[in-house]
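# Turn this into a structure:
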Amino acid sequence: MVNNKIEASLLKLKERWKIDENVESILLGKRKAKDIQVEVNGVIFHIPMLDNLYILWKCLWPECHNCCKNQARLPLTIVDIVNISKCLNIKKNELVSKECRIAEWEEQEPFGPSVMITMPVLKRSESESNIDDGKPIKCRFLNEKGYCKLHPSRPGCCKLYPFTSWITLQNNRPIINATFQFDGNCPGFYATSSIEEMKSILEEYAKIIIEYNNAVSRTTREGYASITIIE
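Coordinates of the predicted model:
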């Protein structure tokens, strides 16, 4: 079944970028990829494979900054709140009360259950309200040259993109998993015969993903967020 939002995003993407036909077939649900699991520095990456070709990714910034123009929401961890409040030179409670809103949304883990998440989210526009949740909006911190005005204090979810992550239990031990967000907004995906060319990127993101999951856990422990598994 084709996700209409992804199809619309992909059509818009193709106005400027050439999209690999293997990537397009996955995005449109025409073909199902194999799940190839690769462990890198304590993170299990789930890499799609079609016809012996790995679906990999590289960032095309500064030519592309679609992720900053089409974020559905910007959830903040306690680490983000501390860093961004320092960047904006305001107090943490002022950031949460004036620059954020509290959002609740359901999220389907790629290889797991659905979860209900409640977290503070940074307003992408000054007038953003709950009715805008999940809708792509250009971030107000993106300048005309494609730079983030919050960098390097940008939210962890921005650093994480285009990956999404989740935790599973193996022998009562938490295992961090990650895979790509195929939302139709990123032109950086391509098919290739070797995964080696992305090894350094996976090593870099393994660190980011572990730090982000630790920050989310701390955020829930300190009562800034809640994550509930939906039966």
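
# In contact with the spatially most central residue of the chain, which residues?
The C-alpha lying nearest the average C-alpha coordinate of the chain belongs to Y161 (C-alpha atoms, centre = their mean; 3.8 Å). Each residue near Y161 by C-beta atoms under 8 Å, 6 or more residues apart in numbering is listed here: 67, 181, 186. C-beta coordinates here come from the backbone N, C-alpha and C atoms, glycine included.

# Just the ones of the residues you listed in strands?
Using DSSP state E, no member of these sits in strands.

# Most neighbours out of those residues, which is it?
C186 (22 neighbours; other C-beta atoms under 10 Å).

# Find the nearest non-adjacent residue to it, please.
Distances taken as C-beta to C-beta, 6 or more residues apart in numbering place P162 nearest to C186, at 5.1 Å, with adjacent residues excluded.

# quick one on the thing from earlier: which one of the contacts of Y161 sits closest to E222?
For these, the residue nearest E222 by C-beta to C-beta is Q181; the value is 26.4 Å.

# Check the closest one and give its pLDDT.
On the pLDDT scale, Q181 is placed at 93.

# Please, where are all the helices along this protein?
4-13, 21-27, 66-69, 78-88, 92-94, 156-160, 199-221 (DSSP state H).

# so how far is P120 from S97?
Going from S97 to P120 by C-beta to C-beta, to the nearest Å gives 10 Å.

# Looking at these two, which one has more neighbours?
Ranked by neighbour count (other C-beta under 10 Å), S97 and P120 place P120 first, with 22 against 12.

# Tell me how far C87 lies from F141.
10 Å.

# show me the contacts for Y190.
Y190 touches 20, 23, 55-58, counting by C-beta under 8 Å, 6+ apart.

# ok, 10 Å please
The neighbours of Y190, taking C-beta atoms under 10 Å, 6 or more residues apart in numbering as the test, are 18-20, 22-23, 53-58, 197-198.

# For the residue nearest to C186, give me its contacts.
Residues near P162 by C-beta under 10 Å, 6+ apart: 57, 59, 67, 179-183, 185-186, 188-189, 205.

# And those, which two are furthest apart?
N185 and Y205 (17.8 Å).

# So for S127, which of the helices of the chain sits nearest?
Between S127 and these, the tightest spacing by C-beta to C-beta is seen for helix 66-69, at 16.9 Å.

# Tell me where this protein has strands.
Going by DSSP E, the chain shows strands at 34-40, 43-50, 53-57, 100-108, 114-122, 163-170, 173-180, 189-192, 226-229.
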